[in-house]
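Participant: need coordinates for the below:
(4 chains)
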There are 4 protein chains.
Amino acid sequence: MPTQREIAAFEAGIKLGALYHQFVGSPVSPKTAATLEQAITESISLQPYVRSVDVRIDRQMLEENAFGYRELEGRMIFAEVEIEYRGEKIKARLEYDSGTDYPMMRLL
Amino acid sequence: MPTQREIAAFEAGIKLGALYHQFVGSPVSPKTAATLEQAITESISLQPYVRSVDVRIDRQMLEENAFGYRELEGRMIFAEVEIEYRGEKIKARLEYDSGTDYPMMRLL
Amino acid sequence: MPTQREIAAFEAGIKLGALYHQFVGSPVSPKTAATLEQAITESISLQPYVRSVDVRIDRQMLEENAFGYRELEGRMIFAEVEIEYRGEKIKARLEYDSGTDYPMMRLL
Amino acid sequence: MPTQREIAAFEAGIKLGALYHQFVGSPVSPKTAATLEQAITESISLQPYVRSVDVRIDRQMLEENAFGYRELEGRMIFAEVEIEYRGEKIKARLEYDSGTDYPMMRLL
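Facilitator: Modelled structure (predicted):
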């Protein structure tokens, strides 16, 4: 039997995996990043056991391509989710790690 | 050699295909649908040769699941894009066809 | 500090969230389901700390639309992932729950 | 009224837009690329009016990250689709253009 904290951690992982793989690939620019952040935040907030979601898209990585925009990549995303499952609260974060060049997800 | 209208039609198809397959699966509810519509509109508007995008999510299809939300399905989306390629303008639409139970895309 | 089992549970959640939101929406039919299952399995198996992935698409839910195919929906997917993080092993499952009409993810 | 060639071009655009935005973000490595290519090919082949689909993932761009894999990016994909709509045949291609650093889609 998993503990309630393990379940909360599992739920946190679901949210970050969902957020990442749903929205990576979306066309985005400095002008549209705020709306996309809000849409991602509201969307993931609907999922079960979510207390809060914070999403920020790195504006400096949004240098434009030849057509004036980019597509959202994992390394551009900073996201934190807080889960509450039966009173147990857990926070997790997605953040680009430049050392490994990897969009790292971890429990806080 | 394709004509300029054929290229405009091709570009319209790209936009509807992108819109559909990028955002289908996103958690959505009546409260978050407007933000998601705006994010989709702004995102697709960034792509080349787009004059306008109009996206509406069918609120009546957003009846809630056991956890109070739904995931965006193709049949919930009405979308129109207008493309302009070298002066040639073409409109295309994504709209659910209840007769065939299919989210139909077509040139207008 | 999270425990190693909590981290394993978190990693399991990431994999199921990724699997779901990456591949839902893919056109699929009874003839192509086996290849798609294999591609999903191999893809998710690449992610960190995965020991095994098992993916099955419900053939009975693949009744064809007017054009002879369907798009992959969450409720069509049965998936199990086994994670090993520093010796701690955790299994998680995605399975459609007909009672709540919800594609349920849970730790086993 | 659109011509039949314009409709064929529109359908070609849908397929490339769908292919791109459905599968970009999928974990992939040199060992799994062939299965993913096959799954994408079979999936897009199901859509209406498709005569053929050819998908190749650039193995040289699959240099591994710190965890031994990559995620599929648009620039890694070469794809050609052939559409037949009421006897009119049209081919379109997705191919990375290094000059503009853009995954270009065009009618052939």
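Participant: any idea how far A:Arg75 is from A:Ser98?
Facilitator: 8 Å (CB to CB, to the nearest Å). (Each C-beta comes from the backbone N, C-alpha and C, glycine too.)
Participant: I meant to write A:His21 there.
Facilitator: Distance from A:His21 to A:Arg75, by CB to CB: 14 Å.
Participant: tell me the centre residue of chain A?
Facilitator: By CA atoms, centre = their mean, chain A has its centre lying nearest to A:Ala79, at 3.8 Å.
Participant: can you pull the contacts of the nearest residue to A:Glu73 once chain neighbours are set aside?
Facilitator: In this structure, A:Glu73 finds its nearest non-sequential neighbour in A:Val24, 6.3 Å apart by CB to CB, 6 or more residues apart in numbering or on different chains. Each residue near A:Val24 by CB atoms under 8 Å, 6 or more residues apart in numbering or on different chains is listed here: A:71-74, A:77, D:24-25, D:71.
Participant: now those as TSV including pLDDT and secondary structure?
Facilitator: Listed next are those as TSV, based on pLDDT from 0 to 100; DSSP: H, G, I helix; E, B strand; the rest coil:
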residue	pLDDT	secondary structure
A:Glu71	95	strand
A:Leu72	97	coil
A:Glu73	96	coil
A:Gly74	96	helix
A:Ile77	98	strand
D:Val24	97	coil
D:Gly25	97	coil
D:Glu71	95	strand
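Participant: farthest-separated two in the residues you listed?
Facilitator: Farthest-apart pair in the contacts of A:Val24 is A:Ile77 and D:Val24; separation 14.7 Å (CB to CB).
Participant: element containing the one residue in chain A that gets nearest to chain B?
Facilitator: With CB to the nearest CB, the shortest gap between chain A and chain B falls at A:Ala39, namely 3.4 Å. Counting by DSSP states H and E, the element that carries A:Ala39 is helix A:33-45.
Participant: chain center to the next helix or strand after that helix: distance?
Facilitator: For helix A:33-45, the following helix or strand on the C-terminal side (DSSP H and E) is strand A:50-57. In this view, strand A:50-57 has its centroid 7 Å away from the chain centroid, taken as CA atoms, centre = their mean, to the nearest Å.
Participant: equivalent analysis for stretch A:27-36, please.
Facilitator: So, by CA atoms, centre = their mean, the centroid of stretch A:27-36 is 15 Å from its chain's centroid.
Participant: pull the CA atoms of it into CSV?
Facilitator: C-alpha atoms of stretch A:27-36 as CSV (Å, rounded to 0.1, in the frame of the first residue of the first chain):
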residue,chain,number,x,y,z
PRO,A,27,3.8,28.3,-31.2
VAL,A,28,4.7,31.1,-28.8
SER,A,29,6.3,34.6,-28.8
PRO,A,30,7.0,37.3,-26.2
LYS,A,31,3.6,38.8,-27.0
THR,A,32,1.7,35.6,-26.5
ALA,A,33,3.6,34.0,-23.7
ALA,A,34,1.5,35.5,-20.9
THR,A,35,-1.7,34.1,-22.3
LEU,A,36,-0.1,30.7,-22.8
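Participant: show me which residues of chain A are close to chain D?
Facilitator: A:20-21, A:24-25, A:65-67, A:71, A:73-74, A:100-102 (CB under 8 Å from any CB of the partner chain).
Participant: these, buried ones only, as a ChimeraX selection?
Facilitator: Written as a ChimeraX command, the selection of buried residues from the residues of chain A next to chain D, which uses 16 or more other CB atoms under 10 Å in any protein chain shown, is:
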select /A:20,21,24,25,65,71,73,74,102
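Participant: let me know the closest of the residues of chain A next to chain D to D:Arg56.
Facilitator: A:Gly25 (19.1 Å).
Participant: relative to B:Glu64, how far out is the closest one?
Facilitator: Taken as CB to CB, the span from A:Gly25 to B:Glu64 is 27 Å.
Participant: in the helix holding A:Ala39, what counts as buried?
Facilitator: A:33, A:35-45.
Participant: can you redo these as JSON lines with distance to chain C and pLDDT?
Facilitator: Formatted as JSON lines, the buried residues of helix A:33-45 follow (distance: CB to the nearest CB, whole Å; pLDDT from 0 to 100):
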{"residue": "A:Ala33", "distance to chain C": "20", "pLDDT": "98"}
{"residue": "A:Thr35", "distance to chain C": "20", "pLDDT": "98"}
{"residue": "A:Leu36", "distance to chain C": "16", "pLDDT": "98"}
{"residue": "A:Glu37", "distance to chain C": "17", "pLDDT": "98"}
{"residue": "A:Gln38", "distance to chain C": "18", "pLDDT": "98"}
{"residue": "A:Ala39", "distance to chain C": "14", "pLDDT": "98"}
{"residue": "A:Ile40", "distance to chain C": "12", "pLDDT": "98"}
{"residue": "A:Thr41", "distance to chain C": "16", "pLDDT": "98"}
{"residue": "A:Glu42", "distance to chain C": "16", "pLDDT": "98"}
{"residue": "A:Ser43", "distance to chain C": "10", "pLDDT": "98"}
{"residue": "A:Ile44", "distance to chain C": "10", "pLDDT": "98"}
{"residue": "A:Ser45", "distance to chain C": "15", "pLDDT": "98"}
